[in-house]
Each structure stands twice: as structure tokens, then as C-alpha cells.
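# Quick one: sequence plus predicted model below, questions after.
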Amino acid sequence: MKDKPSELSEHWPGAPVAGNGLLDRRVFLRGTLGGLTLSFTAPLAAAPRDALVPTQRAPGRPFENYGQPSPHERSVVRWIAATEGVPGNGISWTPLEQLDGALTPNGLHFERHHNGIPDIDPALHRLRIGGAVARPLEFDIEALLRYPRVSRQCFVECGGNSNAAWRRRPVQTTAGNFHGLVSASEWTGVPLAPLLDQAEVDAKARWVIAEGADAFSLTMSIPLSKARDDCLLALFQNGERIRPAQGYPLRLLVPGWEGVLNVKWLKNLYLAEQPAMARNETARYTELMPDGRARQFTFTMGPKSLITRPSAQMRLPSPGFYEISGLAWSGHGRVSRVEVSADGGESWAEAALAEPVLPAALTRFRAPWRWSGGPAVLQSRVTDETGRVQPSRAELLAERGRHGYYHYNAIVSWAVAADGYLTHAYVDTPPETTPLEDLFMDEKWD
Ligand SMILES: Nc1nc2c(c(=O)[nH]1)N[C@H]1C(S)=C(S)[C@@H](COP(=O)(O)O)O[C@H]1N2
Ligand SMILES: [Mo]
């Protein structure tokens, strides 16, 4: 098949920098495509005189008080999975493959609720700080709104995100419905540390036990050191007050740590010497390791990355130029590099990182690629500023064993077939045929 019109100029100065058509990321510098000439459209035979298009001939529609996306974007929605008969217990995934940039629109933030979204009147809501403190305190929202605020861009990722990849056979769905229990926002609110100081925390206290005002009363234990370090009482999300689904009027933000610690509808902070040993830190969010011992309090979300475009269930229309684009993050700090492979990890090219690169935030990466029309396997691999590297699937399984459910952060592989269709693939672990545990995983979320 001949490329017509040709997407790549004959005079393209760069050479492929890795196998199977990966090009030098420097074509993206300065936004000029560095000498790369792209054309995805045929030139007009003769330039016509510009006629008015219909929308120029009549006035547009009037203003509205709160804007909505274009009706043409109605398919950009979250996919919801909830328990039958208990519609408030379930999850919804951010459609990562349909978005770009590094922040998630508020209406598409992923959700995890255990017992529905409470309808809270901010005038009646109270936050209490008690337990091992000299001065127990109670705040209403009005009082909290008077404290100095800080803003921080960071992700919230469920510890159970990507858990379908623990299954023995690759699950076929979109990137978002697979890995979209992660979203990122600019959160604004009151740092927890000065409020703890105001409450005069006892010297013996080591844990802050946070409780939500929902019908699940989610209760989670957070080390006092983390609470003092960078936890935030978040009141705003991407500039507006937090959405009900994200914890209106108040959520605890625990940057870089497991999503479940980010208690929504926060009503209580209880200082204690010991953790609460509540349901979601004992019966859940713990897991059996290969040596037979259980792992508990796995707080930090490890380095992870994912190509969102192109990704599973998309079809490349024809051979030629593509921008590979995705997201990388680490709860341990900033992303320091992302590499991309088009040959299943045989060779790697450095991706361009979009600024700003912030700690515990989503970082957008991009890499130019020329698809030859043959089979390819697309992968990305992140290294964070602490030197931690995203593991291959084989490395993750070797370390964690076969009872994993949480914290899956291995390299994701998208196989490109000769017809351009992308599927989810396992490339470094043999296909397995015992699907029993896979069936068992079905109705578990957390
Ligand atoms: N009060 C309360 N807080 C909660 C939950 C909940 O069910 N109730 N779910 C937790 C879990 S498991 C996750 S992953 C995150 C999800 O946050 P989101 O719904 O804003 O994406 O909130 C956490 N905070
Ligand atoms: Mo979660």
C-alpha cells in the first residue's frame, strides 16, 4: 500500500531512534515538528473564494449559567460498574483514552463509593479533631474557608486500579475502562498541619484516623508524619468547589498515596497511638505475598505509565506517522523519564515530557512514531526521581506472586495488528489457562 498523501517528507532530517519506527522526540521541541512535514489531507485543486458557512448566517444560541461539553462529545463518559441492588457500591472509570493533557475534567473524575454519594448541606457539616489532643476542635465549613489555602496538582489513584491485569489472560477493553481508576486535579484547601498544631497533638500520637460522613463511614488510618507533611483538607477541585462525588464539602487529600486514604465527606480526624485496624486496612488493601505473609499498609502508589493513544480497541487508519501519547506518574515524586517501545521492549526511545512535571501528579508524555503497517507492540516505561522504574509484568509477578489484587503497576503492552487494530497483550509472561482465580476476581473492587 502506497502512502498518499505522504505524511513524512522525503527530506525528514531525523532518523528512527529505536526499532519499528520510533522517531526522535526532539521533533516536538519548539512546537515546529523540527523539519518534519506532515500532511493528512490532499491539497485543494483550486483555492475557492471563501463562502459563508451556515453558522455565520444566523445568531448562535444564548448564554447558559453553567457550561456543558459539546453535544458532539456525548460519548466521552465514564463507564460505571455497580453492585446489583446496591447502586451506590461500585466504580466508574475515567475515559483516559478520550482525554488529553494532565488534568481530569471534574465531571469525568473516576469514582469509588462504597455506599452512595451523600447529599451534605455545607451549613450543617462539621469536622472534628479529637482523640490524643490537648484541645479537641470542631470546625464548620465557614471557619475552614477562613484559613490560608494552598493549591496542589496531584493524582488520586485507587489501590485496585489496573487489577484486571492480574488475570491470567489479557482482558480486552479500552485503556480507560482498564486503568482509569486514576484522575488528576488541582486541589485547593487548608493544609492539615496547622490545624493539628492548633489541636495540640499529644507527643505519643502516631496515627490520624479519618472518618467519612457517608453511609459506609469509611475509616482509614494515616501516619501522623504524612498528615503533617503534605495532607490537605481539600475544598476546591480544578477551581470550583469539590463535586459531591469527590467528597463535597470536604475531602482529605493524601498526595501520592492509595486512593482509599483520601477520605471523602470528611467528618472526623481522631489522633491515636495505634491504627484503627478498620475493614479497609485489614480485610481489604492487604494481600498475600509469595512467602505466605500478608502485606499491609502499602501506602505509596508506585511508578506507572500507560499509552493512552493509540490504545486498545482503536484502529490505526493507515501506515504512516502517529503521535504516541500517554500518562506517567509516581507517588514517590516526580517523573524523571519515560521511554517508549514499538517492538515489545526490545528497544526504547525517550519520550518528550509535557511541562509542568510535578510530584505525585500525572505527567503527559509524547513520542513520534512511524508505523510501517506491520505488527508492533507499543509500551511505555517510567522512571521516577527516586530512581524507581516501572517493572515488566514478569518482574511484577516474580516479586508479588499470584495472589495480587492491589498496586498493579507493570508495563502495559498494546499489540498492533497488520490491520491497525490494537489489543491488550502480555508479551513477557506465558499465556496461562487456569481461569479460576480470574472468575473469583469479578465482583471485587476496593
Ligand atoms: N467516605 C468515603 N471516602 C472514600 C471512599 C468511600 O467509599 N467513602 N472511597 C475511597 C476509595 S476506595 C477511593 S479509590 C477514593 C476514590 O475517590 P473518588 O471517588 O473521588 O475518585 O475515595 C476514597 N474515599
Ligand atoms: Mo479505592
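Done, it's in. Ligands and ions are numbered 1, 2, ... in the order given.

# any idea how the chain splits into domains?
126-296, 304-439 (automatic domain parsing).

# End to end on stretch 33-53, go ahead and measure it.
Terminal residues of stretch 33-53 lie 31 Å apart, using CA to CA, to the nearest Å.

# so how far is that stretch off the chain centroid?
37 Å (CA atoms, centre = their mean, to the nearest Å).

# So which bits of the chain are right by ligand 1?
Contact residues, the chain versus ligand 1 (CB under 6 Å from any ligand atom): 109-114, 156, 158, 212, 214, 216, 218, 245-246, 259-260, 262-265, 446. C-beta here means a position set from N, CA and C on the backbone, and glycine is covered the same way.

# on that earlier part again, out of the domains of the chain, flag the one nearest Thr94.
domain 126-296 (4.1 Å; CB to CB).

# avg pLDDT for the closest one?
The predicted model assigns domain 126-296 a mean pLDDT of 97.

# related to what we said a few turns ago, okay, the domains of the chain in JSON lines with distance to ligand 2 and mean neighbour count next?
Below are those laid out as JSON lines (distance: least, CB to the ion, whole Å; neighbours: other CB atoms under 10 Å):
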{"stretch": "domain 126-296", "distance to ligand 2": "3", "mean neighbour count": "19"}
{"stretch": "domain 304-439", "distance to ligand 2": "9", "mean neighbour count": "19"}
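
# Tell me which of the ones you listed approaches Ala51 most closely.
Using CB to CB, those put domain 304-439 closest to Ala51, at 29.1 Å.

# mean confidence score for that closest one?
Domain 304-439 comes out at a mean pLDDT of 94.

# same thing with stretch 70-86?
In this model, stretch 70-86 has an average pLDDT of 94.

# buried stuff in that stretch?
Val76, Arg78 (16 or more other CB atoms under 10 Å).

# Phi and psi next, for His407.
Taking degrees, to the nearest 10, you get phi 50, psi 40 for the backbone angles of His407.

# List the residues that contact it.
His407 is in contact with Gly159, Thr298, Met301, Gly302, counting by CB atoms under 8 Å, 6 or more residues apart in numbering.

# With adjacent residues omitted, what lies nearest to the residue nearest in space to the middle of the chain?
Centroid-nearest residue in the chain: Val182, 2.7 Å away (criterion: CA atoms, centre = their mean). Spatial nearest neighbour of Val182, excluding adjacent residues (CB to CB, 6 or more residues apart in numbering): Glu157 at 3.9 Å.

# pretty sure the one you found is touching Leu181, no?
Yes - the pair Glu157 / Leu181 is scored as a contact, 6.5 Å apart, by CB atoms under 8 Å.

# hey, what's in contact with both of these two?
Taking CB under 8 Å, 6+ apart as the contact rule, Glu157 and Leu181 both touch Gly259.

# Just the helices from the stretch 51-200 of the chain, written as ranges.
For the stretch 51-200 of the chain, helices defined by DSSP state H, counting those that start in this stretch occupy the ranges 141-144, 175-179, 192-199.

# what helices or strands is the last one leaning on?
What it means is helix 192-199. strand 126-131, strand 137-140, helix 224-230, strand 232-237, strand 266-272 (3 or more CB pairs under 8 Å, 6 or more residues apart in numbering; DSSP states H and E).

# what are the pairing partners of the last one, and which direction each?
Okay, so that is strand 266-272. Using DSSP bridges, strand 266-272 pairs in its sheet with strand 126-131 (parallel), strand 207-212 (antiparallel).

# Next, format these as CSV and append distance to Asp50.
Listed next are the strands paired with strand 266-272 as CSV, based on distance: least, CB to CB, whole Å:
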stretch, distance to Asp50
strand 126-131, 59
strand 207-212, 58
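
# Contact partners for the residue nearest to Val182?
Per CB under 8 Å, 6+ apart, neighbours of Glu157: Leu181, Val182, Glu258, Gly259, Met301, Lys304, Trp329, Gly331.

# Hmm, Trp329 and the fifth one touching each other?
When you say that, I think you mean Met301. Yes - counting by CB under 8 Å, Trp329 is a contact partner of Met301 at 7.5 Å.

# what residues are shared contacts of these two?
Shared contacts of Met301 and Trp329, counting by CB under 8 Å, 6+ apart, come down to Phe155, Glu157.

# Leu145 and Ala213: what is the separation?
Leu145 is 18 Å from Ala213, where distance means CB to CB, to the nearest Å.

# Can you tell me how far the residue nearest to Pro275 when sequence neighbours are not counted is from ligand 1?
Of all residues not flanking Pro275 in the chain, Ser221 sits nearest, at 3.5 Å (CB to CB, 6+ apart). Ser221 sits 14 Å away from ligand 1, going by CB to the nearest ligand atom, to the nearest Å.

# so which helix or strand takes in Ser221?
strand 219-223 (DSSP states H and E).

# show me where the stretch 251-400 of the chain has helices.
393-400.

# What residue in it comes nearest to ligand 1?
Closest approach of the stretch 251-400 of the chain to ligand 1 (CB to the nearest ligand atom) occurs at Gly259, with a separation of 2.8 Å.

# try the chain
For the chain, CB to the nearest ligand atom, closest residue to ligand 1: Gly212, 2.3 Å.

# is stretch 78-90 anywhere near ligand 2?
No - Stretch 78-90 is not in contact with ligand 2 by CB under 5 Å from the ion; minimum separation 11.4 Å.
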